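K.L.:
Just a sequence and a predicted model for now, questions to come.
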Amino acid sequence: MRRVGNASALAELHHLANVRRLAALVLVTIVAWPSAADAGQRRAGVAALQVALRAHNLYGGTIDGIRGPGTRAGVMEFQRRKGLLADGVAGPRTRRALGRRGGPSIGKRIIAAPARGWDVAALQFALAWRGFPSGPFDGGFGERSRAALIRYQQWAGLTADGVAGPATWRSVRRSAPRSNLRFARPSAAPIGDYFGPRGNSFHTGLDFTGGYNAPVRAAGRGCVTTASYVPGGYGRLVVIAHRAGMTSWYAHLNRILVRPGQCVRAGRRIGLIGSSGRSSGPHLHFELRLRDAVVNPLSGL
């Protein structure tokens, strides 16, 4: 009986210890996890730092907004070159030493063409994650950045003036849009490249790495709006309109097996994988869009 009692007491102690560890973990998570808006702004700031370091040939990684070893090493090398304390932290002195690429801080001015700087790079990064990439992250507010901003402002119900003021900054700090429908995989091939930053630009979909003429299937029920060769990179492209403002895009096809106006069900074969357009090899580039804002396809698959 004593052994049973001891075993029971020991089990209870283990249980209490596990409960305390779990409670501590939850508390740490609550304290350490920032709000979506704060995290998004910090990521945009790190991306701006990476753009500045890249301009000084001190960062060769992806502009991803993640403060990893490559970013820290770039900051430390820049600080050593400028005779600053090499602590890897981009504080005020380091920001000033970066020159026009080190400022202004996010939200400290109204951005309009032809502005350049830290805040412009952060805006380019934020717009890309919200579905409106404008080309390379370079900190220069040119025509492509202005056009992307206008499209975003229209999408978000803001004044579409191509000028980023307080209302625009408040809007882009919100969570990125997601698919509001569920979709099936358009290909049985593995995914080789994902949605998000790639190099100094932004990849707007998923790449399924199938071989030539592997089947491509409709990801959901809808009607075909585009089924043709599209200049500018997509190559042979099929676009299907679904309900709730969603469209699905299937690019770089070798053959198209549907026509505009044709309505299809999920799983219907609509094309064959190819390498048409701007493509380095056979694959399916698949996008989901919500009212023309690109969203992470994984949010709908």
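P.N.:
All right, it came through fine. Residues are numbered from 1 along each chain as shown.
K.L.:
any weak-confidence spans in the stretch 1-150 of the chain?
P.N.:
Judged by pLDDT under 70, the stretch 1-150 of the chain has its weakly predicted residues at 1-42.
K.L.:
At which residues are the helices of it located?
P.N.:
2-32, 36-55, 69-81, 92-97, 118-129, 143-156 (DSSP state H, counting those that start in this stretch).
K.L.:
ranges for the strands of the stretch 101-250 of the chain?
P.N.:
Secondary structure of the stretch 101-250 of the chain (DSSP state E, counting those that start in this stretch): strands located at 191-193, 196-198, 201-203, 206-208, 215-217, 222-230, 235-241, 246-256.
K.L.:
can I get these in CSV with distance to Val46 and mean pLDDT?
P.N.:
Every residue, glycine included, has its C-beta placed from N, CA and C. Output for the strands of the stretch 101-250 of the chain, formatted as CSV (distance: least, CB to CB, whole Å; pLDDT from 0 to 100):
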stretch, distance to Val46, mean pLDDT
strand 191-193, 22, 96
strand 196-198, 11, 96
strand 201-203, 15, 97
strand 206-208, 24, 98
strand 215-217, 36, 98
strand 222-230, 34, 98
strand 235-241, 34, 98
strand 246-256, 30, 98
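K.L.:
The ones you listed: which one's closest to Val172?
P.N.:
Closest approach to Val172 among these (CB to CB): strand 201-203, 14.2 Å.
K.L.:
What pairs with that closest one, parallel or antiparallel?
P.N.:
Strand 201-203 sits in its sheet next to strand 196-198 (antiparallel), going by DSSP bridges.
K.L.:
contact partners of the partner strand?
P.N.:
Contact with strand 196-198 is made by Ala47, Thr62, Ile63, Asp64, Gly65, Phe125, Ala128, Trp129, Phe137, Phe202, His203, Asn296, as judged by CB atoms under 8 Å, 6 or more residues apart in numbering.
K.L.:
roughly how far apart are the closest residue to the second one other than its chain neighbours and Asp64?
P.N.:
Distances taken as CB to CB, 6 or more residues apart in numbering put Pro197 closest to Thr62, at 5.0 Å, once the chain neighbours are dropped. Relative to Asp64, Pro197 is positioned 4 Å away (criterion: CB to CB, to the nearest Å).
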